[in-house]
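[1] What would the 3D arrangement of this be:
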Amino acid sequence: MKKVILESTIIEMFDTSCETEKAIFKDMLDIYGETIKDYIEIDQHVLTVRKSMINYKYNENEDMFHGLDVNIAIASAIAGGARMWMTTIKNNPLFNLFYSDTDSIVIDKPLPSYMVGKELGQFKLEYILKRAVFLAPKVYGFITTDNEEVIKVKGLNKDLLTDIHVQDLENLLFIDASKEFNQTKWYKKVIEGEITVTEVAYTLKVTSNKRNPIYIDNVFENTKPFYYDEIENNNK
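    Modelled structure (predicted):
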């Protein structure tokens, strides 16, 4: 097996005149001491250069490595702020909402002009649609007023998307309808430098893990929230 060496490094500076920084510096040495490649003393500061390989942790369930250099507080603040902003759109009585994601919406009327533009927090008008179908989060297709067809299916290889059209997605709106695909997936282990190629099946159908799908005359029409009482009664 070929040994793969990750070249990426982390550079940090510690103020050794401050007791708090000294404690952080000591903790870093205790945890990452063996990965330090070099260090420089500048007045009362220490600049360290260390390998970043130790900042990857293998997840056996997902068969992949995750980086540990993350800030949960910042990530939560960004996601929480985005959800608060999107809620003002999703619960707005001025228009009907057909689909939304973290930073996008599909509605039946133009947004107010002050909400659209290039400034931070404003929306960008990407398409005007004349026909669309939404099967699941990040699984949809539409035709624009310029007759451009756009298909998005999360998890499906791009080469298979060329054989899928809006009409195919509409056919999956019927209850219990589905379409099977076989595709090649690549799984990689960063540290070991291993790549595994496997044939896997992908089922395309109406999917809603967070809301209960509603069918009218056996055709998917809408979704409704899951309620605790209903879940509890179904499990009895």
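[2] Residue 197 bridge partners, please.
    residue 186 (DSSP bridges).
[3] what residues are up against it?
    For residue 197, the contact set (CB atoms under 8 Å, 6 or more residues apart in numbering) comprises 184, 185, 186, 187. Heads up, the C-betas are built off the backbone N, CA and C, glycines and all.
[4] For residue 17, see how far away the residue lying farthest from the centre of the chain is.
    Residue farthest from the centre of the chain, counting by CA atoms, centre = their mean, is residue 43 at 43.9 Å. Residue 43 sits 8 Å away from residue 17, going by CB to CB, to the nearest Å.
[5] How about residues contacting the longest helix anywhere in the chain?
    Ordering each helix of the chain by length in residues (DSSP state H) puts helix 72-90 first. The contact list for helix 72-90, computed with CB under 8 Å, 6+ apart, reads 97, 100, 102, 103, 105, 107, 111, 121.
[6] Without its sequence neighbours, what residue ends up closest to the second one?
    Spatially, and ignoring its direct neighbours in sequence, residue 100 is nearest to residue 90 (5.7 Å; CB to CB, 6 or more residues apart in numbering).
[7] Equivalent analysis for the last one, please.
    In space, residue 121 comes closest to residue 85 once its chain neighbours are excluded; the distance is 7.1 Å by CB to CB, 6+ apart.
[8] how is this structure carved up into domains?
    9-63, 155-226 (automatic domain parsing).
[9] How far away from the center of its chain is the longest one?
    It stands for domain 155-226. Here the centre of domain 155-226 is set off from its chain's centre by 16 Å, with CA atoms, centre = their mean, to the nearest Å.
[10] one step back: a markdown table please, covering the domains of the chain and showing distance to residue 148.
    Converted to a markdown table, these look like this (distance: least, CB to CB, whole Å):
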| stretch | distance to residue 148 |
| --- | --- |
| domain 9-63 | 36 |
| domain 155-226 | 11 |
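[11] Can you tell me which of those domains has the worst average pLDDT?
    Lowest mean pLDDT within the domains of the chain: domain 9-63, at a mean of 77.
[12] In stretch 88-102, which of the residues would be classed as buried?
    Residues of stretch 88-102 classed as buried by neighbour count (16 or more other CB atoms under 10 Å): 89, 100.
[13] Give me the most central residue, this protein.
    The structure's the chain has its C-alpha centroid closest to residue 102; by CA atoms, centre = their mean the separation is 9.0 Å.
[14] Run through the helices of this protein in chain order.
    19-32, 72-90, 158-161, 166-171, 228-234.
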